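Colleague: starting from these lines, generate the structure:
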Amino acid sequence: MMFDLVIKNGEIVTAEATYRADIGIRGEQIAAIGQNLTGRQEIDATGKLVTPGAVDVHVHLEMPIGNFVSADDFFTGTRAAAIGGTTTIIDFVETGPNETMVQALAARRAKADPKVVIDYGLHMTIGPDDIARLDQVPAAYEAGCASFKLYMAYGLRLRDGELLQALEAVRDVGGLPVVHAENWDIITTLIARNLAAGRVDPCWHPRSRPAAMEGEAAGRVIDIAALVGVPLYIFHVSCGEVVDRIAAARLRGQPVYGETCPQYLFLSDELYDRPGVSGAYPVCAPPLRTPAQQERLWEALSRQTLQVVSTDHCPFTTADKASGLGNFSRIPGGVPSIEMRFPALYAYGVCGGWFSANRWVDMCCTTPARLFGLTRKGHIAAGYDADLVLFDPQARRRLSAETLHENIDWTLYDGLEVTGWPDTVLSRGEVIVSGGELTARPGRGRFIARRLPAG
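Modeller: Numbering: from 1, shown residues only. Got it, this is the predicted structure:
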């Protein structure tokens, strides 16, 4: 049987198994896995690991925050993602004044569709102004937003009673709530106290967002979700205090899931002490924590207490970051990690002995796809989209702003040595990265309308 494309001689790595086989692709999907397959086109993967395309369920491209907009648009952000082995992302929608959720979704898609080089989905945000229009949640779900973002911080913060109502609305459509869990009352009080005392430098950012209160907020929303009877996914876990709440809930049988991000695994709060704008670069929320907290997160991944590694990719320019140097609370928050996530987790997670290559694929590809209704993504099997990474485990990269492809002139991972890097990346059967260089055109990616399986 002749296939359109065959990936030959590679070592296939899935969440369940590692084995040598060929992959036959017909059109956009994997059609067969076997030995000695032949195709009109063949790619020799000798010496390479062949993994599913990675899935990043937490990115912010072209995201407006006050007077700022995140520096990566839907082209540059998905370009960097693809070169790093990520073939699917999920971004966000927020409703504007007098705008329905479905209208906001259409407007966000109009920005993304002409630019994306990989497939994408969108989370629908439920802010305070949306509590009065929770009757729109079913329409948003039917339009393809199967997950809903709830904030416990910032201007989009929901108070506990509003969280209850939002969680009920998401439960009733069978969706998945995703939560930014921090205690905003404590944070704003500490920020005001520090500023009043003249403590304006970036090093006061982490001191205004204590780990204990991140844990408190996570525990509170976990308890509300238990009362409502809805699964829960907690974004960007930065500390052991949240890990403990998630572990306890899962031990009780509660469907609670947690992710962490590369910045919390590879970077620490010592970076806030750097002079000038260098100390502003790491401002993000939750903040970077201590090396001891980093260790807790690696342990949580190895024990499967945390299920996913995403990025919360939200970069801002040097000028944007510098604009808040006289008041740390005005520094736009975000750390770019969209390109380095997948290979760095291999280099330091697998090669570092924290977990197996199968677990690496599970947390970066398979579990995020499963949790978020990406039913044809994250796995290598017949009938799945031919989203594949030919990963060279011997390739070496020294990360820098020059070697990465995000649309900014800085990276907090400058100088990090990574062994293992994608060589060739396919999205729906099309080679979009070859020899580490993007070959895809803007706009070839597609919006994925998602639904979650019952139960």
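Colleague: output the lowest mean pLDDT helix or strand found in this structure.
Modeller: strand 64-65 (a mean of 90; mean pLDDT, DSSP states H and E).
Colleague: strands paired with the helix or strand just after that one, and their directions?
Modeller: On the C-terminal side of strand 64-65, the nearest following helix or strand under DSSP states H and E is strand 68-69. Sheet pairing of strand 68-69 (DSSP bridges) gives strand 64-65 (antiparallel).
Colleague: show me the contacts for the nearest residue to D201 once chain neighbours are set aside.
Modeller: Among residues not flanking D201 along the chain, F328 sits closest, at 6.3 Å (Cβ to Cβ, 6 or more residues apart in numbering). Backbone N, C-alpha and C define where each C-beta goes, glycine included. Shown in contact with F328 (Cβ atoms under 8 Å, 6 or more residues apart in numbering): N194, V200, D201, P202, C203, W204, H205, S208, A280, V283.
Colleague: neighbours of the first one, how many?
Modeller: Put plainly, it is N194. 18 (other Cβ atoms under 10 Å).
Colleague: cool, the fourth one as well?
Modeller: One way to gauge burial is a neighbour count; for P202, by other Cβ under 10 Å, it gives 25.
Colleague: touching, it and Y272? I think so.
Modeller: Yes. Taking Cβ atoms under 8 Å as the definition, P202 is a contact partner of Y272 at 4.8 Å.
Colleague: pull up the overlap in contacts between those two.
Modeller: G279, P282, V283.
Colleague: can you confirm Q165 is in a helix?
Modeller: Yes. Checked against DSSP: H, G, I helix; E, B strand; the rest coil, Q165 lies within a helix.
Colleague: excluding its backbone neighbours, what's nearest it?
Modeller: According to Cβ to Cβ, 6+ apart, the nearest residue to Q165 is I131 (5.8 Å).
Colleague: SS state for the one you found?
Modeller: With three-state DSSP as the criterion, I131 reads helix.
Colleague: ok, the one 4 residues further on next?
Modeller: Judged by three-state DSSP, the three-state class of D135 is helix.
Colleague: thinking again about what came up before, between the shared contacts of P202 and Y272, which is nearest S147?
Modeller: V283 (26.2 Å; Cβ to Cβ).
Colleague: any idea how far that closest one lies from S329?
Modeller: 9 Å (Cβ to Cβ, to the nearest Å).
Colleague: again, but for R109
Modeller: Applying Cβ to Cβ to R109 and S329 gives a distance of 33 Å.
Colleague: for M1, same thing?
Modeller: Taken as Cβ to Cβ, the span from M1 to S329 is 62 Å.
Colleague: who has more neighbours out of these two?
Modeller: S329 (17 against 10).
Colleague: where does the closest residue to that one other than its chain neighbours fall, secondary structure wise?
Modeller: Nearest non-adjacent residue to S329, counting by Cβ to Cβ, 6+ apart: I191, 4.9 Å away. Using DSSP H and E, the element containing I191 is helix 184-196.
Colleague: pull the distance from that helix to the chain's centre.
Modeller: 28 Å (Cα atoms, centre = their mean, to the nearest Å).
Colleague: what does that helix rub up against?
Modeller: Here helix 184-196 has contacts from 152-154, 157, 200, 204, 207-210, 213, 327-329, using Cβ under 8 Å, 6+ apart.
Colleague: buried ones among those residues?
Modeller: Using 16 or more other Cβ atoms under 10 Å as the burial test, those include M152, A153, R157, V200, W204, S208, R209, P210, M213, F328, S329 as buried.
Colleague: one step back: shared neighbours of V283 and S329, anything?
Modeller: In contact with both V283 and S329: H205, using Cβ under 8 Å, 6+ apart.
Colleague: per-residue pLDDT of the residue nearest to D201, please?
Modeller: Looking at F328, its pLDDT is 98.
Colleague: can you tell me the SS state at Y233?
Modeller: Criterion first, three-state DSSP; result for Y233: strand.
Colleague: partner residues bridging it?
Modeller: V178, Y257.
Colleague: so for the lengthiest helix in the chain, mean pLDDT?
Modeller: Taking DSSP state H as the criterion, the chain has its longest helix at helix 211-228. For helix 211-228, mean pLDDT is 98.
Colleague: how far away is the residue nearest to S329 from P64?
Modeller: 22 Å.
Colleague: confidence score at N67?
Modeller: The predicted local confidence for N67 is 89.
Colleague: what does it show for phi and psi?
Modeller: Phi and psi for N67, reported as degrees, to the nearest 10, are phi -90, psi 0.
Colleague: equivalent analysis for R330, please.
Modeller: Dihedral angles for R330 - degrees, to the nearest 10 - are phi -100, psi 0.
Colleague: next, K8: secondary structure please.
Modeller: Per three-state DSSP, K8 ends up strand.
Colleague: wait, it sits on K48?
Modeller: No. At 10.4 Å, K8 does not count as touching K48 under the criterion of Cβ under 8 Å.
Colleague: who has more neighbours out of those two?
Modeller: K48 (22 against 19).
Colleague: residue contacts, the more buried one?
Modeller: G10, E11, L390, F391, D392, P393, D423, T424.
Colleague: moving C-terminal of the helix or strand harbouring the second one, what's the next helix or strand?
Modeller: Here E11 is covered by strand 2-13, with elements defined by DSSP H and E. Next in sequence after strand 2-13, counting helices and strands by DSSP H and E, comes strand 18-26.
Colleague: so what are the domain limits for the protein?
Modeller: 2-51+378-438, 53-371 (automatic domain parsing).
Colleague: tell me the most buried of those?
Modeller: With neighbours taken as mean count of other Cβ atoms under 10 Å, these reach their highest mean count in domain 53-371, at a mean of 21.
Colleague: gap between it and the chain center?
Modeller: Domain 53-371 sits 7 Å away from the centroid of its parent chain (Cα atoms, centre = their mean).
Colleague: what about it, how long is it end to end?
Modeller: 16 Å (Cα to Cα, to the nearest Å).
Colleague: just stretch 358-371 next, same as before
Modeller: Taking Cα to Cα as the criterion, the two ends of stretch 358-371 lie 17 Å apart.
Colleague: what of stretch 406-420?
Modeller: 19 Å.
Colleague: mind listing the helices for this protein?
Modeller: Using DSSP H, helices in the chain cover 74-83, 101-112, 137-142, 160-173, 184-196, 204-207, 211-228, 240-251, 262-266, 291-302, 318-322, 341-345, 357-361, 367-371.
Colleague: and these as a markdown table, adding distance to V55?
Modeller: What follows is the helices of the chain, written out as a markdown table (distance: least, Cβ to Cβ, whole Å):
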| stretch | distance to V55 |
| --- | --- |
| helix 74-83 | 10 |
| helix 101-112 | 17 |
| helix 137-142 | 20 |
| helix 160-173 | 21 |
| helix 184-196 | 30 |
| helix 204-207 | 29 |
| helix 211-228 | 23 |
| helix 240-251 | 20 |
| helix 262-266 | 15 |
| helix 291-302 | 16 |
| helix 318-322 | 28 |
| helix 341-345 | 10 |
| helix 357-361 | 10 |
| helix 367-371 | 4 |
